[in-house]
Every structure is written in structure tokens, then in C-alpha cells.
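In: Predicted model and sequence below, questions to follow.
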Amino acid sequence: MSKDESAEVAIKKYMQFFGRYLPVEAQIKQAKDAEDEKDAFKKSTDYKHIQAAKNKTEYEDNEKRIGVLKQKEQELAEQSSKGLLDLDAFQTKHLTELENQLILYRRQKARVQTQLNAIRREMTEGKKSFKKTYSDLERFFPGVEFQTLENIEGFHQKLAKVLGDEFKETEKDLATTYMMLSNEIVRILGEIEEIKKIPNVSEAILKEYAQLNTELNNLMTSNANYDRLNELKAIAAEYAETRDKVIRDQLFAIETEVNQRMREVSESIFQNEKRMPPVLRMVKLNKYTFDTPNDGGTGAQYRGLITFDLANLDILPLPFVVHDSPLLKNIEKRVLAEIIRLYAEQEASGKQVFIAFDMLDTYTDEMQKLLRDHLVLELSPGGNELFGRAWNKETETENDGE
């Protein structure tokens, strides 16, 4: 993981190497979609776009009221021998629907009117403009170039034009919506008037029944939406739980495989000597730990990192690893000799290990021979530097120039 890379990004990439991120990604998306749907529904209830009971107490009060209204509805029908009983069932249902639509459209019209007034105020205020001149500044700062200020002002004018166009488009859409709502309200009022002209139906009975039925439907809708919100909450929680379980399972599978392979690498390094291998813990999608148990020395920690790299080189389709000399020089010599042996064995599986190494003559003859057999580039003072000379040394020419 690079220093600029978050743990979550690094773990996701690591999981992709193992082919274990796809099922996690699918569950994350499913859980997010469920959470988004729940949040959208809840916001609609918060902003009163959708009517819903606020809590369990209100829900239960609504249920009691629904029972009372249904009883009143039945009594009203029984008391009218020529009123509502003479109404066609379709006409009664249609009247209720029209009353509900009328309430809804009037609310929407009021909201659109508010938005339309606000956007028109913004458009009016936005038309104010000021002519910019830099003549006063030039009097105090003669010879100064004001082109940059003019460029900035030009950018501001272009931005104002873009916003102005957006305001016009929004105002046009709102005005169209307002007109459509007004037309619908007129149409609904007309239909209600027609229904009220039905013969043998008392105007008072019809009005009372419509009001009763409207309240009843509103309460039933409110409770139904309360149930729907709770259902969406339960679905979102279930998907989140499934997502977390899938993540845990996939991380544990990677952790188990890597730890087992690191144990094998450690056993190959120490052979008959029992040493605790490094331990990787994939805690969650944005957190992991890597530890060398009971040994916090620098050499042990570097050895743990090399062990981790060799384990991954064996498990994953990685072509090579690179280790710099600071990783190697702090490891005890006999242990490093075994690590170099493991490096050399990677050749058989078509893998490569690139290392930078110094002070070769302080190690065993066998290890020196193994490294020289695989030597690619050797650097040393006296003309054998990478570019033929040391760049940090002063030359006579440079001294003369001073």
C-alpha cells in the first residue's frame, strides 16, 4: 500500500488479486440500493410528499380512528334510504378519488407557486450589472497590467450567463407545471360538480360522506406508508447484514490462505527451529493488522514483510517482487541465507525476485556464490558507478567555477 492510498482501496485491490471482490461488490451495491430506497422514502415522508404515521403511537391512534370512521360510514349508509344507497358504487369511489386528487394538486400547486416566486426573484436580482473600470486603480498604480482582472471579470460574466440560462429553463418548467396543475384542479372541480347533480342524493349527505371517506383513506394511506417504511428498514438491515457477512467470509478466506502459506515459508526458513510466523488479520474492508508475534525487533518485522511477499508471490499471479537492501541488512545472517535460497527457488516457478545487496563479503561462501550466480548489475567506486562516476564528488572544473 502506498502512503497516499487508503487502507480500504488497498484491501479492495488485494481482494481483486484473489478474485474475491466481485461477490463483495455485488452485496455492497445491493445493500446500498436498499439503503437509498429507504432513505428516499423516508425523505418523502419528512417533506410531506408522502403521508405516513410518524411513530407507533400515531399509527395506533390512526387505527382507532379508522375503526370509528368505518362505523360512521356504515351508519350513514344505513340512515339514507334514497341517498348514498342510490349511488352507483363506481360513482362513490370516483368521488373519493377526486377529493383526494384535489387536495394533492392544491398542495403541489402551492409548493410550485413558492418555488416559482423564488426563482423569479433570483432572476430579477441577477439582472443587476455594474460596469467595471480600472481607471481609478491606474491612477494609483501606473504601468500595472490589469489584464488578469479583466479575464477574471470575463469569467464571472460567462458564469452569470450560464446561471441565467439555467434559471430561465427552471422558471419555464415551473411555470408549465403550475399551469398544468391549475388545469387539473379546474377539471376535477368540474367533475365533482357533475357528480353532485346526481338526482335523489342529498347534498349534505354527499358532502358528509365525501369528507368522511377522504379522512378514512388518508389515515389508511398514512398507516400503509408507515408499514412500508418499516418494511424498507428491515430489508435494508437484512441486506447490510448479508453484505457484512460476505465481506467477513471473503476476508477470512484470504487471511487463512495467506497465513497458512506464511507458516510454510517460515518453516522453510527456520526448518527444525520453531518460530512463530507473521500473522495477517483482515479485520474489515478498511482495516487490517500485520504482526510478528512476540517479536517486535526490526529484523523480525522486515523478515515478516519478506515472508508475506514470498507467500503472495506463491499464491497470486505476481511475476516478481522487489526488496531493497535496508530490508535485508537487519536480518541475521543465517536466516538471510535461507531467504536468499528461497529467492533462488522462485526461478523454477517462473517468478523473479529483484534485490539490492551490499557487504556481500561478510556472508558465507555458499551464499556469495548463489548471489554471484544470479548477479545482474554490480556497482562499486572507482569508475564502476551506475553512470561511470559519482555525481556527489566535486571536480576541479566545478572548483574553478567557484
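Out: Yep, it's here. Note that the structure is a prediction, hence the values are computed from the model and not measured. Residues are numbered from 1 along each chain as shown.

In: residue ranges for the strands of the stretch 201-350 of the chain, please.
Out: Secondary structure of the stretch 201-350 of the chain (DSSP state E, counting those that start in this stretch): strands at 279-284, 287-291, 320-323.

In: okay if I get these as TSV plus distance to Ile340, mean neighbour count and mean pLDDT?
Out: (Each C-beta comes from the backbone N, C-alpha and C, glycine too.) Converted to TSV, the strands of the stretch 201-350 of the chain look like this (distance: least, Cβ to Cβ, whole Å; neighbours: other Cβ atoms under 10 Å; pLDDT from 0 to 100):
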stretch	distance to Ile340	mean neighbour count	mean pLDDT
strand 279-284	24	16	96
strand 287-291	23	13	94
strand 320-323	11	14	95
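
In: Nearest to Lys351, out of those strands?
Out: Closest of the strands of the stretch 201-350 of the chain to Lys351 is strand 320-323, at 6.4 Å (criterion: Cβ to Cβ).

In: now the closest one, how far from the centre of its chain.
Out: Chain-centre distance of strand 320-323: 34 Å, with Cα atoms, centre = their mean, to the nearest Å.

In: and if you look at stretch 312-321?
Out: For stretch 312-321 - counting by Cα atoms, centre = their mean - the centre lies 31 Å from the chain centre.

In: Likewise for stretch 346-358?
Out: Averaging C-alpha positions (Cα atoms, centre = their mean) puts stretch 346-358 40 Å from its chain's average.

In: Can you point out the buried residues in that stretch?
Out: For stretch 346-358, the buried set under the neighbour-count rule, 16 or more other Cβ atoms under 10 Å, comprises Gln346, Lys351, Val353, Ile355, Phe357.

In: Thr176: which of the strands of the stretch 201-350 of the chain is closest?
Out: Closest of the strands of the stretch 201-350 of the chain to Thr176 is strand 279-284, at 49.8 Å (criterion: Cβ to Cβ).

In: Contact partners for the nearest residue to Gln30 once chain neighbours are set aside?
Out: For Gln30, ignoring the flanking residues on the chain, the nearest one in space by Cβ to Cβ, 6 or more residues apart in numbering is Tyr239 at 5.4 Å. Contacts here follow Cβ atoms under 8 Å, 6 or more residues apart in numbering; on that basis Tyr239 touches Gln27, Gln30, Ala31, Ala34, Glu35.

In: quick check, nearest of these to Thr96?
Out: Distance ranking of the contacts of Tyr239 against Thr96, using Cβ to Cβ, places Ala34 first at 33.7 Å.

In: can I assume that closest one is in contact with Glu231?
Out: No: look at Ala34 against Glu231 with Cβ atoms under 8 Å: they stay out of range, at 10.9 Å.

In: Relative to Ile188, which of the buried residues of stretch 346-358 is nearest.
Out: Looking across the buried residues of stretch 346-358 and measuring by Cβ to Cβ, the closest to Ile188 is Lys351, at 76.5 Å.

In: Could I get the phi/psi values of Asp295?
Out: Backbone torsions of Asp295, given as degrees, to the nearest 10, read phi -150, psi 100.

In: Next: Asn384.
Out: Dihedral angles of Asn384 (phi, psi; degrees, to the nearest 10) stand at phi -100, psi 20.

In: so where do the helices sit in the stretch 301-402 of the chain?
Out: For the stretch 301-402 of the chain, the helices defined by DSSP state H, counting those that start in this stretch occupy 325-329, 333-345, 365-373, 396-401.

In: average pLDDT for the last one?
Out: I take that to be helix 396-401. Here helix 396-401 scores 54 as its mean pLDDT.

In: Farthest pair within the buried residues of stretch 346-358?
Out: Spanning the widest gap among the buried residues of stretch 346-358 are Lys351 and Phe357, at 18.4 Å by Cβ to Cβ.
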